[in-house]
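J.: What would the 3D arrangement of this be:
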Amino acid sequence: MRLVKFDDGKEYIKAFCDLPCKIYTSKDNMEDTDTMKSILTGDHPLSKYFKLDKFLVYDDDKAVGRFAITTYENDSTAYLGFYECLDNDEYAKFLFDSAYEFARTNGYEKILGPVDASFWIKYRLKINRFDVLPYTGEPYNRDYYFRQFKDNGFVVKEHYISNEFRSVDETYVNEKFENRYEEFLKMGYTIESPKTEDFDKTIDVVYKMVTELYSDFPVFKDVKIEDFREVFKSYKTIMNMSMTKIAYYKGEAVGFYVSVPDYGNKVYHLNPVNIAKILKLRKHPKKYVMLYMGVDQDHRGLGKAIVYAIMKELMASGLPSIGALARDGKVTQDYAHDDVTDVYEYVLLERQI
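T.: All right, here's what the predicted structure looks like:
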């Protein structure tokens, strides 16, 4: 086995991008090759915020593993991401030993992973498996990855869950959430869906609240608003605005909930067939994915009111949903607990140097 550290060599970029095709099927490969190439070449909107060291593991002339180390100024943590490896203990040990040695010799205090180059998303390892397709916006990985991390010195740093909820119709009753919704409306709050033509304004509102509300999450890094807009501009083509809610109080945005139809991995592999399927699913979804939620801490209890506004939309459509990722200790883990049909678990792992 040998380790190759590369910069912009075309053959290595191709090998890095091709490896997931050897590990996943076309149905569960969640990587967008064009985005991956832009990150590897430093052309991504977020590339200016970090340094990326890229590695491939070879067995003779065959690429069998890959990873990248993302680092930031004034941060003593090395973030290991874009991890892919064949199901082979020797390959995994060689890969993780190489990553550890790189972090140690460069003076970092710990390694956190799996963390792809980002500012608050695209990290965590899915640790339980179900016979369902992956869904938009969440990590997807082989079931042996968790074992590979643990066998090579990593321990769980953070634990998260995503709840899958049963479909409901207009006869559905949840008095606790409905009462909270009515209470906040009487207090002068408004909870509304943005108009399609106001998408850019909505992105700016979400940026402001994300910056304020998610700053205590591991791996969160502040970015400029223009880069946030660039990263999320593609959401305009996949969002049903009725399933996105912004809560206002005295004219100020104080809470948000962003949902999209479940497109599986189609949004990561754009071709004429998948584009047609995306357009069809946007009009006629089969399930919704609750991506992001946040409420200003000065407006406690508002979360349930926003959730009920989303529940009303789900009641009208009769569709099931998958809840936003919830960190342990957050009250959102217990929302509508009686309606949960499945629970998906994720972890963020750490190895001290």
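
J.: make it CA atoms for all contacts and neighbour counts henceforth
T.: Fine.

J.: number of nearby residues for the nearest residue to Leu3 once chain neighbours are set aside?
T.: Spatial nearest neighbour of Leu3, excluding adjacent residues (Cα to Cα, 6 or more residues apart in numbering): Val57 at 4.8 Å. When neighbours are counted by other Cα atoms under 10 Å, Val57 registers 24.

J.: CA atoms only for the host helix or strand of Val307 - export them in CSV, please.
T.: Using DSSP states H and E, Val307 falls within helix 302-317. What follows is helix 302-317, C-alpha atoms only, in CSV (Å, rounded to 0.1, in the frame of the first residue of the first chain):
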residue,chain,number,x,y,z
LEU,A,302,-42.1,29.0,19.2
GLY,A,303,-40.6,25.8,17.8
LYS,A,304,-43.7,23.8,18.5
ALA,A,305,-45.8,26.6,16.8
ILE,A,306,-43.6,26.5,13.7
VAL,A,307,-43.7,22.7,13.6
TYR,A,308,-47.5,22.8,13.8
ALA,A,309,-47.6,25.2,10.8
ILE,A,310,-45.6,22.5,8.9
MET,A,311,-47.9,19.8,10.2
LYS,A,312,-50.9,21.6,8.8
GLU,A,313,-49.3,21.4,5.3
LEU,A,314,-48.6,17.7,5.8
MET,A,315,-52.2,17.1,6.9
ALA,A,316,-53.4,18.7,3.7
SER,A,317,-51.1,16.6,1.6
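
J.: Can you pull out the residues in contact with that helix?
T.: 167-172, 177-178, 180-182, 184, 191, 242-245, 247, 255-257, 294-295, 320, 335 (Cα atoms under 8 Å, 6 or more residues apart in numbering).

J.: gap between the helix or strand just after that helix and the chain center?
T.: Sequence-wise, the next helix or strand downstream of helix 302-317 (DSSP H and E) is strand 321-322. Strand 321-322 has its average C-alpha position 15 Å from the chain's average C-alpha position, going by Cα atoms, centre = their mean, to the nearest Å.

J.: Just the strands from the stretch 251-353 of the chain, written as ranges.
T.: 252-261, 288-295, 321-322, 326-327, 340-352 (DSSP state E, counting those that start in this stretch).

J.: Compare the mean pLDDT across these and name the weakest.
T.: Averaged per stretch, pLDDT over those is lowest on strand 326-327, reaching a mean of 66.

J.: quick one, what contacts Glu109?
T.: The neighbours of Glu109, taking Cα under 8 Å, 6+ apart as the test, are Ser76, Thr77, Ala78, Ala103, Gln352, Ile353.

J.: one step back: can you put the strands of the stretch 251-353 of the chain in TSV and add mean neighbour count?
T.: Converted to TSV, those look like this (neighbours: other Cα atoms under 10 Å):
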stretch	mean neighbour count
strand 252-261	22
strand 288-295	22
strand 321-322	24
strand 326-327	18
strand 340-352	18
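
J.: Export these as a markdown table, with columns for distance to Lys51.
T.: Below are the strands of the stretch 251-353 of the chain laid out as a markdown table (distance: least, Cα to Cα, whole Å):
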| stretch | distance to Lys51 |
| --- | --- |
| strand 252-261 | 30 |
| strand 288-295 | 27 |
| strand 321-322 | 34 |
| strand 326-327 | 27 |
| strand 340-352 | 20 |
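
J.: Go through those strands and name the closest to Leu112.
T.: Of all the strands of the stretch 251-353 of the chain, the one in closest proximity to Leu112, counting by Cα to Cα, is strand 340-352 (4.5 Å).

J.: And for Lys277, nearest residue in space, chain neighbours not counted?
T.: Once flanking residues are discounted, Lys277 sits nearest to Lys266: 7.9 Å by Cα to Cα, 6+ apart.

J.: What distance do you get for the one you found to Asn29?
T.: Look at Lys266 and Asn29: by Cα to Cα, to the nearest Å, they are 10 Å apart.

J.: what about these two, which has more around it?
T.: The neighbour comparison of Lys266 against Asn29 (other Cα under 10 Å) goes to Lys266, with 23 against 20.

J.: residue contacts, that one?
T.: Asn274, Ile275, Lys277, Ile278.

J.: Which one of these sits in the busiest neighbourhood?
T.: Comparing the contacts of Lys266 by number of neighbours (other Cα under 10 Å), Ile278 comes first, having 22 neighbours.

J.: Ranking helices and strands of this structure by mean pLDDT, which lands last?
T.: One helix or strand of the chain scores below all others by mean pLDDT, DSSP states H and E: strand 125-126, with a mean of 61.

J.: Which elements pack onto the helix or strand just after that strand?
T.: For strand 125-126, the following helix or strand on the C-terminal side (DSSP H and E) is helix 145-151. If you count contacts as 3 or more Cα pairs under 8 Å, 6 or more residues apart in numbering; DSSP states H and E, helix 145-151 packs onto helix 89-105, strand 125-126.

J.: cutoff 10 Å now
T.: Counting contacts by 3 or more Cα pairs under 10 Å, 6 or more residues apart in numbering; DSSP states H and E, helix 145-151 packs against strand 77-85, helix 89-105, strand 125-126, strand 155-165, strand 340-352.
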